[in-house]
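Novice: Take a look and give me a structure for this.
(one chain, ligands or ions: 1)
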Amino acid sequence: MLNEIESIHRAENVALDRVLRRVLKKSGLAMPRGSSAGAPGPLQILDLACGSCREAGTLVEVFRDFEGADRDVRLVGADIRDRELEEAAARARLVGRTRDQFEFLTENCAKLDRHRELGRDFDVTFLRHQNYWNDKPVWQRIFEQGLEKLKDDGLLVITSYFDREHELALKALERAGAELIITGQNEASRVLDTPGKSVDRHVAVFRKKR
Ligand SMILES: C[S@@+](CC[C@H](N)C(=O)[O-])C[C@H]1O[C@@H](n2cnc3c(N)ncnc32)[C@H](O)[C@@H]1O
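Specialist: Purely as a prediction, here's the structure:
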């Protein structure tokens with residue numbers, strides 16, 4: 001039996017799944033092929049500032065079977081806060097198909113270039129509820145680092161809680177070297193107690209500027 005909070009999170013993830021599939025389909029972009037240096041491998045998602053990463057299972061599902069495929073998907077989540085990551089890892093253990101499908105790293109995502117083992121061959125960089133307006137210089141760096149970690153044909157996807165915060169992040173990402181492909185609204189976004197705030201209210205998809 002799910003408790004109330006779990007049911008709410010589950011409904012949010014169902015809404016996130018729908019809006020991601022709709023926006024990705026509408027973008028007309030092909031999924032990156034999930035191979036590294038020419039060798040076949042899982043599609044790799046880098047979830048930055050992931051907190052407790054409640055979306056981990058949803059992201060794996062969306063990218064696994066998008067366009068009728070059945071891809072292996074691996075997700076690496078990073079955040080500066082340990083406690084949230086412990087929660088993320090515990091949840092991921094319940095849904096992971098293999099032991100190494102999920103990995104969580106305590107990192108300052110504005111300084112990911114220091115983490116050389118992380119590689120620069122991610123297919124997708126995801127940032128749920130980016131927090132650009134809270135600390136613009138730090139988030140500008142986080143956006144730049146998220147793009148740096150992508151393959152040339154990789155996608156960067158953000159969600160935002162607020163309209164204005166979303167607009168500011170779109171501009172910041174363009175300054176960071178991203179090309180906006182599409183931005184869309186989540187029609188089933190759960191309204192929160194702060195005026196104008198709702199869960200995954202906006203979703204936008206970028207690729208690296210060519
Ligand atoms: C608005 S919360 C979003 C969390 C999560 N993505 C979600 O949707 O629930 C912003 C997150 O950014 C993280 N954060 C802030 N600055 C960071 C940094 N420099 N490096 C890594 N994570 C950071 C916080 O710890 C927090 O988890």
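
Novice: gap between the residue nearest to Arg120 when sequence neighbours are not counted and Asp47?
Specialist: Closest residue to Arg120 in three dimensions, ignoring its sequence neighbours and counting by Cβ to Cβ, 6 or more residues apart in numbering: Lys149, at 5.4 Å. (Each C-beta comes from the backbone N, C-alpha and C, glycine too.) Noted for Lys149: a distance of 11 Å to Asp47, by Cβ to Cβ, to the nearest Å.

Novice: cool, Asp121 as well?
Specialist: Counting by Cβ to Cβ, the gap from Asp121 to Asp47 is 16 Å.

Novice: of these two, who's got more company?
Specialist: Set side by side, Asp121 and Asp47 give different neighbour counts by other Cβ atoms under 10 Å, the larger being at Asp47 (26 against 18).

Novice: And that one, its phi and psi?
Specialist: As for Asp47, its main-chain torsions (degrees, to the nearest 10) stand at phi -100, psi 110.

Novice: before we move on, what SS does the residue nearest the centre of the chain have?
Specialist: Using Cα atoms, centre = their mean, the residue of the chain that lies closest to the mean C-alpha position is Phe126, 1.9 Å off. The three-state label for Phe126, taken from DSSP: H, G, I helix; E, B strand; the rest coil, comes out as strand.

Novice: where does this protein have its least confident helix or strand?
Specialist: In the chain, the helix or strand scored least confidently by mean pLDDT, DSSP states H and E is strand 35-36, which has a mean of 62.

Novice: the longest strand in the chain is where?
Specialist: Ranked by residue count and defined by DSSP state E, the top strand of the chain is strand 150-160.

Novice: what helices or strands is the strand or helix carrying Leu173 leaning on?
Specialist: Secondary-structure element containing Leu173, defined by DSSP states H and E: helix 163-176. In this structure, helix 163-176 packs against helix 136-148, strand 150-160, strand 178-185, strand 202-208, with contacts taken as 3 or more Cβ pairs under 8 Å, 6 or more residues apart in numbering; DSSP states H and E.

Novice: Could you export that helix as PDB, CA atoms only?
Specialist: In PDB, the C-alpha atoms belonging to helix 163-176 read as follows (Å, rounded to 0.1, in the frame of the first residue of the first chain):
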ATOM      1  CA  ASP A 163       7.300  30.600 -15.800                       C
ATOM      2  CA  ARG A 164       9.800  33.400 -15.200                       C
ATOM      3  CA  GLU A 165      12.500  31.000 -13.900                       C
ATOM      4  CA  HIS A 166      12.000  28.900 -17.000                       C
ATOM      5  CA  GLU A 167      12.400  31.900 -19.300                       C
ATOM      6  CA  LEU A 168      15.600  33.000 -17.600                       C
ATOM      7  CA  ALA A 169      17.000  29.500 -17.800                       C
ATOM      8  CA  LEU A 170      16.200  29.300 -21.600                       C
ATOM      9  CA  LYS A 171      18.300  32.400 -22.100                       C
ATOM     10  CA  ALA A 172      21.100  31.300 -19.800                       C
ATOM     11  CA  LEU A 173      21.300  27.900 -21.600                       C
ATOM     12  CA  GLU A 174      21.500  29.700 -25.000                       C
ATOM     13  CA  ARG A 175      24.400  31.800 -23.600                       C
ATOM     14  CA  ALA A 176      26.000  28.500 -22.400                       C
END
